[in-house]
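In: A predicted structure for the sequence below; I have some questions about it.
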Amino acid sequence: MIANEETMRHLMVKAQGGDKQCYASLLAECEKWLRRYYARKINPSAIDDLVQETLISLHRKRASYDPTKAFLPWLAAIGRYRWIDSLRKIYRHDHDELYEEMVADPQEESVSAKVSLERLLGMIPEKQAEVISMVKIEGLSIAEASEQTGQSESLVKVNIHRGLKKMSALIESE
Amino acid sequence: MSNLSKSLIDGLVDELEPVKTIKPTAGLLVAGGLTLTAMAAVATALGVRNDLAMGMADEMFFLRSGILLMLGLATAFAAVNLARPGVGNLNRGWIWALATASLFPITAVIMSLINTPPVEALRPTQGMLCLAVSMISALGIGSGLTMWLRQGAPTSPERAGWLVGIASGALGAAAYNIYCPFNDIYYIGLWFTLPVLASAIIGRLVVPKLIRW
C-alpha cells in the first residue's frame, strides 16, 4: 500500500528541512507510486531506469515543491516531465510535435487532478464529498446514494453539482 | 524494491541538505530589478524625454508605460510560476494583458487604413534606435529571468520560452519608453510592438534549450 497525499506532503516538508529519515521514507513511497504511474505508460523493461531518473530529478528539484500545495500533483508533474523527456530522447527527430502533444494533453491534466482527489474531497463539505465519492468514484446510482445517505435524490444531484464546482475552483486556485 | 533503487535512495538520502523553497516573488524581483537597471542605463546614456523631465509628460506616455509594464509584469508572473510544477498553475491573466497591449498595433493598422500615414510618421531612424535599445534591455532582463528559472523545475519549457520572451520584450521596451519622445499611434504601434514580437520569438527558440533539466 502506498502512503496517502497528506503523509507524503508531510514527509516532503520534513525532507526540505533536511530530515533524512523522513526523506528515506518519502523516496521509498515515491518509488512505489512512480512504478504504478509508469506501469501503463512505458515498456516494463524501461520502468526501472525511468523511476530512478525521476527520483534523481525529485532530489535535484526538491526546492521547487511548494509546501502549501498538494504533493502528488507535483510528483506527477516531475514524473510526466521525465517520461516525456525519455520519449523525446527515443524519438528525437519528432521532438517538437511529440512534446507539444504531450504537454497539451488534457487527459494528463485530469490524471494530475485525480491524484489530489483525496485531498480535494477533504476540502469540501462532508455531505457533498460523501455523494461525490459514492456516485462519481464508486459508481453507485443516484437512487442508491440517496438511500445510503438519507438525502433526497434531488439533493444528491445538487450536492454533486455544488461539490464538483467547488473542487474545480480549488484546483484552479492551487 | 530492487537493490539498485535501494542503493540509489540510500545515496540520495546521504546527500540530503536542507533547501529553501523557490519563491516566485524572487523571480519577479529579478525582473523588476533588471528593468530598473535598464531604465537607469537608458536615462544615463540617452536621457529622459523632455516633458517627463519637466514633470508634464503627455498622456500617451502614461498609457504606453502602463500597458508595457502591465504586460511585462503579467507575463513575468506567469513565467516565474512555471518554476514550481503542480496542478492549477494556469495564470492566464497574461493573455488579457497581451490582448490589451495589442490595442496599440491594432489601432495603428485601423488608423492607417482610414488615413494613410505619412512615411515620416514612422521615423525609421529613430525607430531602429528604439528597437535596438529595447532589444538590448530585453536581452538583459530575459537572461536574468532565464537564469532564475533554471533553478526551478519548469515542466513546460516552450510556454516558459514564450512568456520569458514577451515579458523581457515588454519590460525592455518600457525601459526605452522613458527616453522615446514620440507619442503618435503609428510610431508606437510599429516600433514598440516589434521588440515584444522579436523577443517573444527569440524566447521561444532559445529559452527552452537553456531551462531543460
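Out: In hand now; what should we look at? Numbering: from 1, shown residues only, chains lettered A, B, ... in the order given.
In: C-alpha from now on. contacts and neighbour counts both.
Out: Fine.
In: For chain B, name the helix or strand with the lowest mean pLDDT.
Out: helix B:119-122 (a mean of 74; mean pLDDT, DSSP states H and E).
In: Give me the buried stretch members for that one, please.
Out: B:Leu122 (16 or more other Cα atoms under 10 Å in any protein chain shown).
In: helices or strands next to that helix in the packing?
Out: helix B:185-191 (3 or more Cα pairs under 8 Å, 6 or more residues apart in numbering or on different chains; DSSP states H and E).
In: The next helix or strand along the chain from the helix it packs on: how far from the chain's middle?
Out: Helices and strands here follow DSSP states H and E; after helix B:185-191, the next one along the chain is helix B:194-211. Distance of helix B:194-211 from the chain centroid (Cα atoms, centre = their mean, to the nearest Å) equals 10 Å.
In: Over to stretch B:51-62?
Out: Shown here is stretch B:51-62, whose average C-alpha point lies 23 Å from the average C-alpha point of the whole chain (Cα atoms, centre = their mean).
In: Can I get that stretch as CSV, trimmed to CA atoms?
Out: Listed in CSV are the C-alpha atoms of stretch B:51-62, where the atom choice follows Å, rounded to 0.1, in the frame of the first residue of the first chain:
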residue,chain,number,x,y,z
ASP,B,51,8.1,66.5,-21.0
LEU,B,52,8.8,63.8,-18.4
ALA,B,53,11.9,65.7,-17.1
MET,B,54,9.7,68.8,-16.7
GLY,B,55,7.1,66.8,-14.9
MET,B,56,4.4,67.3,-17.6
ALA,B,57,4.5,64.1,-19.5
ASP,B,58,2.0,63.6,-22.3
GLU,B,59,-1.0,61.2,-21.5
MET,B,60,0.2,58.8,-24.3
PHE,B,61,3.4,58.3,-22.3
PHE,B,62,1.4,57.1,-19.3
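In: and it, which residues are buried?
Out: For stretch B:51-62, the buried set under the neighbour-count rule, 16+ other Cα under 10 Å, comprises B:Phe61.
In: What of stretch B:129-146?
Out: For stretch B:129-146, a neighbour-count test (16+ other Cα under 10 Å) marks B:130-131, B:133-146 as buried.
In: in the chain, what spans have low per-residue confidence?
Out: Just so you know, I chose chain A. A:1-2, A:90-119, A:137, A:168-174 (pLDDT under 70).
In: sorry, should have said chain B
Out: Across chain B, the stretches falling below the confidence threshold (pLDDT under 70) are B:87-90.
In: Nearest the geometric middle of it, what residue?
Out: B:Ala167 (1.7 Å; Cα atoms, centre = their mean).
In: contacting residues around it?
Out: With contacts defined as Cα atoms under 8 Å, 6 or more residues apart in numbering or on different chains, B:Ala167 is in contact with B:Leu71, B:Gly72, B:Leu73, B:Ala74, B:Thr75, B:Ala76, B:Gly142, B:Val196.
In: so the fifth one, which of the three states?
Out: At B:Thr75, secondary structure determined by DSSP: H, G, I helix; E, B strand; the rest coil is helix.
In: For it, the count of nearby residues, please.
Out: A total of 28 residues lie near B:Thr75 under the criterion other Cα atoms under 10 Å in any protein chain shown.
In: Quick check: it vs B:Leu145, distance?
Out: With the distance defined as Cα to Cα, to the nearest Å, B:Thr75 ends up 11 Å from B:Leu145.
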